[in-house]
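Student: Predicted model and sequence follow; I will ask about them next.
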Amino acid sequence: MRERQDIKVEGPEVGVLCLRLNRPEVRNALRTQTLRELADLLEAAAADNAVRAVLLLGDKRAFAAGADVREMAELDPVGVWQHERPRQWERIARFPKPLLAAVNGYCLGGGCELAMHADIILAGEGACFGQPEIRLGMIPGAGGTQRLIRIVGKALASQMVLSGEPIDAATARERGLVAEVVEAEQVEPRALELARSIAERPLLAVLAAKELLQQSFETSLSVGLEAERRSFALLAASDDRNEGIAAFLEKRRPNFHGR
């Protein structure tokens, strides 16, 4: 793996890989190298059986305040179209295991788009979320117009994208963008607690559940229900499913092995 500058690996945590955006001097602005490092780490985590969940972290001031505007300013239209950034976003989106984001401070532009790649977002009370690209004569370019509207609905997504105005953590929670809002100093401990809890669950079931949840954004209800029924049946062949049922009936803690 290439030498990392923008992402710090923290831990160790049993079953949980903690990745911290580490460009505090620019409020964790996402340059291409940041995305490349994150994609590399997620692909490695996907292949590592010891990793059951990944937690993305920023710092107290910002999860990520957007893309690196100085880097983007150097590109002409052809350069933007042919740039590697979309490929790195696709690699991040393909991560098959649970991905959580702990957000304090600014979560704007590309930072908000990165957070929306997570399965679960937890936010501090002072966090704010937004897509301010319109103020620079641009639009969101990493899913902001597509993921946001599917999560918060047309009215609020249109307001955020067309005005560039952010929303606070309470509004983000109310509209389904954020799963939990806690005191700022409790965001990372609570997110880690939740990640550990997920990491303890049977891996095959977790992977199947995540795949189906993601698929629900792009398929009809009938297609999604058929896929769910198929996965439900296939999991009946897993050792972990049998162990889970046996442990429940025997009133003991299950011992899952990811098989």
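Tutor: Perfect, thanks for sending it.
Student: Using CSV, write out the CA atom coordinates for stretch 98-107.
Tutor: This file holds the C-alpha atoms of stretch 98-107, laid out as CSV (Å, rounded to 0.1, in the frame of the first residue of the first chain):
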residue,chain,number,x,y,z
PRO,A,98,-20.6,-1.8,7.7
LEU,A,99,-19.3,1.7,7.4
LEU,A,100,-20.0,4.3,10.2
ALA,A,101,-19.2,8.0,10.3
ALA,A,102,-18.8,10.1,13.5
VAL,A,103,-19.4,13.7,12.7
ASN,A,104,-18.5,16.8,14.7
GLY,A,105,-18.3,20.4,13.3
TYR,A,106,-18.5,20.9,9.5
CYS,A,107,-19.7,18.2,7.2
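Student: That one - what's its average pLDDT?
Tutor: The predicted model assigns stretch 98-107 a mean pLDDT of 98.
Student: May I see the domains of the protein written out as residue ranges?
Tutor: Domain assignment for the chain by automatic domain parsing gives 7-199, 203-249.
Student: ranking these by burial, who's on top?
Tutor: When you average the neighbours per residue for each of the domains of the chain (mean count of other CB atoms under 10 Å), domain 7-199 leads with a mean of 19. For every residue, glycine as well, the C-beta is placed using N, CA and C.
Student: what's the first-to-last distance across that one?
Tutor: With CA to CA, to the nearest Å as the measure, domain 7-199 spans 22 Å from end to end.
Student: for stretch 177-189, same thing?
Tutor: 20 Å.
Student: and that stretch, how far out from the chain's middle?
Tutor: Relative to the chain's own centre, stretch 177-189 is displaced by 15 Å; criterion: CA atoms, centre = their mean, to the nearest Å.
Student: and what of stretch 169-183?
Tutor: 15 Å.
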